[in-house]
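In: Would you be able to build a 3D model of this:
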Amino acid sequence: MLTARMADTRVWKTCVGAIVNLLEEAHFKFTPEGVSMRAMDPSHVALVDFRLSSGAFEEYRVSKPLGLGLSLVELDRVLSRAKSEDALLLEYEGEKNRLLITFKGTSSRRFSLPLLDLRESEPPEPKLQFTALVEVLAEVLQDGLRDSETVGENVRFEVGEEGFFMRAEGDGKSSELKLEKGSPALLKLKLERPCSSMFNVKYLSDMLKAADPKEPVAVSLGQDLPLRLDLRIAGGKGSLSFILAPRIESY
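Out: From the prediction side, this is the model:
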């Protein structure tokens, strides 16, 4: 049995709206402690880790651990129909092997999605030795990525004693975003060693679609290492994390 109700559809709507750019389908695990999903994108460039504790729900009942394979494309299409004032209800219909999704607002609207037979195994989280951590307002990162998109496909993240920088170059053009120490948008800077890595702009832009512009995003970096983004969701009762492989420059 599964019954999970949230007063606000935005958590699922924004998170699935971001994840669907990386994955077409995913296996969600519902346990008494909450919901989780970890998966690698088909190109093995990005890893997604989605977690919602049971406390993020107004009502949450799971009689035993349950795995649900879902088409994220179809789930995103259904969630796009939610209105801002709607509550969200998720239910598992075992006899018909489908997930029921109900939006409750001025009216009650119900959708059903068939479940997919997906492998339950999830990839392990990579063990990475990051040497820098910054917390930056999401809207600043989003602005920096939009600037970078006008220049090229890649953006370089750099962290040093002076602060955090985003730089892009291409076809004689360049863009730069500086967040120096003391900037109100640079909420935290922890540095063991200065580092620099380059990443694909589109992947980062897709990931940050789930971020509230006024909320902080934690960015973990190392020299030419993958990047880790950590987003707080559901008022801190959940998290959405991404790990993205760097672009290696050829000389």
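In: any idea how far residue 91 is from residue 61?
Out: 10 Å (Cβ to Cβ, to the nearest Å). Quick note: C-beta positions are derived from backbone N, CA and C, even for glycine.
In: Identify the contacts common to the two.
Out: 2, 3, 4 (Cβ atoms under 8 Å, 6 or more residues apart in numbering).
In: give me the low-pLDDT residue ranges for the chain?
Out: Residue ranges of the chain with pLDDT under 70: 120, 249-251.
In: Outline the domain layout of it.
Out: The chain breaks down into these domains under automatic domain parsing: 2-114, 132-244.
In: With distance to residue 122 added, can I get the ones you listed in CSV?
Out: As requested, the domains of the chain are exported to CSV (distance: least, Cβ to Cβ, whole Å):
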stretch, distance to residue 122
domain 2-114, 4
domain 132-244, 13
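In: now those as CSV including mean neighbour count and distance to residue 121?
Out: Below are those laid out as CSV (neighbours: other Cβ atoms under 10 Å; distance: least, Cβ to Cβ, whole Å):
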stretch, mean neighbour count, distance to residue 121
domain 2-114, 17, 9
domain 132-244, 18, 18
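In: Would you tell me which of these gets closest to residue 126?
Out: domain 132-244 (6.2 Å; Cβ to Cβ).
In: So for that closest one, first residue to last residue, what's the gap.
Out: 15 Å (Cα to Cα, to the nearest Å).
In: Offset the numbering so it begins at 52, please.
Out: New numbering, starting at 52: the last item is domain 183-295.
In: now that domain, how far from the centre of its chain.
Out: 14 Å (Cα atoms, centre = their mean, to the nearest Å).
In: Only alpha carbons, please: show stretch 281-289 as PDB.
Out: C-alpha atoms of stretch 281-289 as PDB (Å, rounded to 0.1, in the frame of the first residue of the first chain):
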ATOM      1  CA  ASP A 281      23.200  20.000  -3.800                       C
ATOM      2  CA  LEU A 282      19.800  21.600  -3.800                       C
ATOM      3  CA  ARG A 283      17.600  21.800  -0.700                       C
ATOM      4  CA  ILE A 284      14.000  21.000  -1.500                       C
ATOM      5  CA  ALA A 285      10.700  20.700   0.600                       C
ATOM      6  CA  GLY A 286      11.900  23.200   3.200                       C
ATOM      7  CA  GLY A 287      15.000  21.100   3.900                       C
ATOM      8  CA  LYS A 288      13.100  17.900   4.300                       C
ATOM      9  CA  GLY A 289      14.500  16.600   1.000                       C
END
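In: Residues contacting that stretch, please?
Out: So stretch 281-289 is contacted by 62, 65-66, 85, 101-104, 106-107, 189, 259, 261-262, 266-269, 271, 290-292 (Cβ under 8 Å, 6+ apart).
In: Equivalent analysis for stretch 110-120, please.
Out: 52-56, 76-83, 85, 105, 143, 150, 166-169, 171.
In: helices and strands around the lengthiest helix in the chain, which ones?
Out: The longest helix of the chain (DSSP state H) is helix 189-200. Judged by 3 or more Cβ pairs under 8 Å, 6 or more residues apart in numbering; DSSP states H and E, helix 189-200 is in contact with strand 205-211, strand 214-221, strand 224-231, helix 252-258, strand 267-272.
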